[in-house]
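Novice: Any chance you could fold what I've pasted below:
(chains A and B)
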Amino acid sequence: MEYFFQQLINGLTLGSIYGLIAIGMINFAHGDIFMVGAFISLMSFLVLGIAGVTWVPLALIIVLIIAMVFTAVYGWTVERLAYRPLRGSFRLAPLISALGMSIFLQNYVQLLQGARNKALPPVIRGGFTLTEGGEFDVTVSYVQIIILLITLVLLVVFTLLIARTSLGRQQRSCEQDKLMASLVGVNVDRTISITFVMGASLAAVAGLMYLVRYGVIDFFEGFIVGVKAFTAAVLGGIGSLPGAMLGGLMIGMIEAYWSGYFPVEYKDVAVFAILVLVLIFRPSGVLGRPEIEKV
Amino acid sequence: MAETPQTQGARPPLLTVDHLTMRFGGLVAIDDVSFTAADRSITAIIGPNGAGKTTVFNCLTGFYKPSEGRLNLQLGDRRFLLERMEGHDISAKAGVARTFQNIRLFQHMSVLENLLVAQHNQLTSAPGNSLRDVRDNSLASRTGEDETAHRGGGSLGGTAANGRRLVRNIGFSMLGIINSRSYRQSEREAVERARFWLDRINLTPKADWDAGNLPYGDQRRLEIARAMCTDPCLLCLDEPAAGLNPRETGELNELIIWIRDTYGIGVLLIEHDMSVVMRISDHVVVLDYGRKISDGPPEQVRNDPNVIKAYLGADEEDELPEAVKADLPPDGSAADEEVRA
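Specialist: Down below sits the predicted model:
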């Protein structure tokens, strides 16, 4: 039972990270933007360490800001190079150019940073022990608490932003009908740029949290995490923020429990098998809007 | 060219379409069409199917770049060349709004949100800088009052201005998240105006519906209201009466006239329903096979032999009364025959 609770906590943490990436999931290079965010965080930590900033909360906040800003620039650039020129082109074109962007980013980081794992010594140590004396001590680390809190806050902020603000309305109008949006005076190019910048900042937060939690990152990490986050978005229902979060949490849980009770090598098989089942029985995702065509 | 009664003396008309030509490869969809549309008046564009009416709208609203010709929009002392502007600037700066023959609402947004998103430009611009203020200023300057407020005209807004607008846009959204007072203020104004329009088109009880779930007639009216929420100077309506029953058509006539009289804007109207065209328009332009065949007040156009010929399809000159035959341009019918063959 203790083991079950421990995996619940681990699954929630992992799921939050997937969820955060899934919320900002706008293109197939998004996983690699996440990876870039993690690398920028790593470098910032090292630079801060050299500069002598050792008080952890301050260091974390500085790293967070640096990572969000720089990763946002990457997101903006990806949109500018791989998406904007293809707007109005056939539908597969941006998909393919995003895949190209993904391959480019991986190789770019591999060339600059090397192919080996990069490790970060634990930044935040310690945590609470929830139960003691059983066959297994259930613990929650501070890192896990921080991750859950940040995720919750960002989810609320972004949900409100999309649902309530003028920018959110613009983004939804662009998503539904770009041409019409421009006709009511929405600057479509600018709105999409802002969306990419926002998505990339979220990916940077996820990258930082992933780095702090697991302590290691490599150039290929973004790809598999990106695919999982995409799965999360599909699972929850494309276009729904709470759905993306829920999908992320589900995938995190499935992975954690599978790894806990079954052969760990097959955890990805389990995740994608669930995806297949959901797509068969509920193609629009768990919280997605079923498409009913009006005739 | 026949002028509308509203066009007075030296004042240039709101919209001047000047030798507009649109070619798609070898197909000439619009061939050297010129006409004007004044503010405070309703200009109808009619013609048989395929005459190029919607193509004119598409040129006006930036979907197509015309092959030749000028689209000149005059707001007070400021002039916009629509054919050189980006789509969103045509709405945001020049104040041209349009509706579609096949309705294009944001189907998955609520009725209220459809009206709010159209007011985005008023929301994010600083006070005194909205389109309405500028227009009021330029209207004031027409009557000789002093005008100082100038915005970047046409597409010549500098990069610096764009950057500033971007920052303001993002900053504004941040204000939205923390729900600051200035954000609430402008948001409240937007909601008020949206409510006003909801009342006007009788959709208040359905404000929270997804726009896509509204009945057809409601969608038509909502689309017009949304266009009006962009605070336009020129409203382009593409077959607003299509698919409406006679009662709804009557209400629509009223609404369009009310818009003209209340807001003093120019209305361009594409319509097949002659009961609408003849009853409400101040000025009618008739297109056939991409060319203008008649232009003038409704009574004049109604009796124009060229129009009768285009609509009734009288190919044989013999079938036309003598008086009509004499009026036909010498090359007109021959060219028509060629195209029709």
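Novice: ok, now which ones touch residue A:55?
Specialist: Residues in contact with residue A:55 (Cβ atoms under 8 Å, 6 or more residues apart in numbering or on different chains): none are found. Any C-beta I mention is one placed from the backbone N, CA and C, and that applies to glycine too.
Novice: switch the cut-off to 10 Å
Specialist: residue A:48 (Cβ atoms under 10 Å, 6 or more residues apart in numbering or on different chains).
Novice: so how far is stretch B:75-82 off the chain centroid?
Specialist: 15 Å (Cα atoms, centre = their mean, to the nearest Å).
Novice: Quick check: end-to-end length of that stretch?
Specialist: 12 Å (Cα to Cα, to the nearest Å).
Novice: I figured residue B:84 hits residue B:65, correct?
Specialist: Yes: taking contacts as Cβ atoms under 10 Å, residue B:84 lies within contact range of residue B:65: 8.8 Å.
Novice: where exactly do the helices run in the stretch 151-300 of chain B?
Specialist: B:159-178, B:181-200, B:216-229, B:246-263, B:274-280, B:298-302 (DSSP state H, counting those that start in this stretch).
Novice: now the ones you listed in a markdown table, with mean neighbour count?
Specialist: Shown next, in a markdown table, are the helices of the stretch 151-300 of chain B (neighbours: other Cβ atoms under 10 Å in any protein chain shown):
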| stretch | mean neighbour count |
| --- | --- |
| helix B:159-178 | 14 |
| helix B:181-200 | 16 |
| helix B:216-229 | 22 |
| helix B:246-263 | 16 |
| helix B:274-280 | 17 |
| helix B:298-302 | 16 |
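Novice: which of the ones you listed has the lowest average pLDDT?
Specialist: Lowest mean pLDDT within the helices of the stretch 151-300 of chain B: helix B:159-178, at a mean of 61.
Novice: helix or strand for residue A:252, which one?
Specialist: For residue A:252, the host element (DSSP states H and E) is helix A:241-261.
Novice: Could you give the separation of that helix from the chain centroid?
Specialist: On Cα atoms, centre = their mean, the centre of helix A:241-261 falls 13 Å from the chain's centre.
Novice: do the same with stretch A:189-200
Specialist: 16 Å.
Novice: Could I have the CA atoms of that stretch written out in PDB?
Specialist: Taking C-alpha atoms only, stretch A:189-200 is exported to PDB below (Å, rounded to 0.1, in the frame of the first residue of the first chain):
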ATOM      1  CA  ASP A 189       0.500  36.800 -37.300                       C
ATOM      2  CA  ARG A 190       1.100  38.600 -34.100                       C
ATOM      3  CA  THR A 191      -1.400  36.500 -32.200                       C
ATOM      4  CA  ILE A 192       0.200  33.300 -33.300                       C
ATOM      5  CA  SER A 193       3.700  34.700 -32.400                       C
ATOM      6  CA  ILE A 194       2.500  35.400 -28.900                       C
ATOM      7  CA  THR A 195       1.000  32.000 -28.700                       C
ATOM      8  CA  PHE A 196       4.300  30.400 -29.600                       C
ATOM      9  CA  VAL A 197       6.100  32.600 -27.100                       C
ATOM     10  CA  MET A 198       3.700  31.600 -24.400                       C
ATOM     11  CA  GLY A 199       4.000  27.900 -25.200                       C
ATOM     12  CA  ALA A 200       7.800  28.100 -25.200                       C
END
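Novice: what packs against the helix holding residue A:252?
Specialist: helix A:2-23, helix A:142-164, helix A:221-236, helix A:267-281 (3 or more Cβ pairs under 10 Å, 6 or more residues apart in numbering or on different chains; DSSP states H and E).
Novice: Show me which positions of that helix end up buried.
Specialist: Neighbour-count burial for helix A:241-261, counted by 16 or more other Cβ atoms under 10 Å in any protein chain shown, picks out A:241, A:243-260.
Novice: ok so, going back, tabulate the helices and strands packed on helix A:241-261 (a markdown table), appending mean neighbour count.
Specialist: Shown next, in a markdown table, are those (neighbours: other Cβ under 10 Å):
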| stretch | mean neighbour count |
| --- | --- |
| helix A:2-23 | 23 |
| helix A:142-164 | 17 |
| helix A:221-236 | 24 |
| helix A:267-281 | 14 |
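Novice: Let me know which of those helices is the nearest to chain B.
Specialist: helix A:142-164 (5.7 Å; Cβ to the nearest Cβ).
Novice: what helix or strand is residue A:108 on?
Specialist: Going by DSSP H and E, residue A:108 is in helix A:92-113.
Novice: what lines up beside the next helix or strand after that helix in the sheet?
Specialist: For helix A:92-113, the following helix or strand on the C-terminal side (DSSP H and E) is strand A:118-119. Next to strand A:118-119 in the sheet, as set by DSSP bridges, lie strand A:216-217 (antiparallel).
Novice: what about the strand it pairs with, distance to the chain center?
Specialist: Going by Cα atoms, centre = their mean, where strand A:216-217 is centred and where its chain is centred differ by 15 Å.
Novice: got the contact list for the residue positioned nearest the centre of chain B?
Specialist: Centroid-nearest residue in chain B: residue B:236, 1.8 Å away (criterion: Cα atoms, centre = their mean). By Cβ under 10 Å, 6+ apart, the residues touching residue B:236 are A:183, B:15, B:37, B:43, B:45, B:54, B:56-58, B:60-61, B:96-100, B:227, B:266-270.
Novice: Give me the ChimeraX select line for the residues you listed, limited to the buried ones.
Specialist: Selection of buried members from those for ChimeraX, criterion 16+ other Cβ under 10 Å:
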select /A:183 /B:15,37,43,45,54,56,57,58,60,61,96,97,98,99,100,227,266,267,268,269,270
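Novice: mind listing which of the contacts of residue B:236 are in helices?
Specialist: A:183, B:54, B:56, B:57, B:58, B:60, B:227 (DSSP state H).
Novice: before we move on, what SS does the nearest residue to the fifth one once chain neighbours are set aside have?
Specialist: By the measure of Cβ to Cβ, 6 or more residues apart in numbering or on different chains, the closest residue to residue B:58 outside its immediate chain neighbours is residue B:64, 4.7 Å from it. Local secondary structure at residue B:64 is given as coil here, using DSSP: H, G, I helix; E, B strand; the rest coil.
Novice: And stretch B:236-243, end to end?
Specialist: 18 Å.
Novice: Flag the shaky bits of the stretch 1-150 of chain B, pLDDT-wise.
Specialist: Scanning the stretch 1-150 of chain B for pLDDT under 70 picks out the ranges B:1-11, B:121-150.
Novice: Next up, the contacts around residue B:68.
Specialist: Contacts for residue B:68 (Cβ under 10 Å, 6+ apart) come out as B:18, B:19, B:20, B:21, B:22, B:23, B:30, B:31, B:32, B:83.
Novice: picking up where we left off before, check the residue nearest to the centre of chain B and give its pLDDT.
Specialist: 93.
Novice: Spatially, what comes nearest to it if we skip its sequence neighbours?
Specialist: residue B:98 (3.9 Å).
Novice: Wait, that neighbour touches residue B:118, no?
Specialist: No: Residue B:98 sits out of contact with residue B:118 when judged by Cβ under 10 Å, with a separation of 11.7 Å.
Novice: how about residue B:74, secondary structure?
Specialist: Applying three-state DSSP: residue B:74 is strand.
Novice: Equivalent analysis for residue B:70, please.
Specialist: Assignment for residue B:70 (three-state DSSP): strand.
Novice: which residues does it contact?
Specialist: B:16, B:17, B:18, B:19, B:20, B:34, B:81, B:82, B:83, B:84.
Novice: And it, how far from chain A?
Specialist: Distance, residue B:70 to chain A, using Cβ to the nearest Cβ, to the nearest Å: 21 Å.
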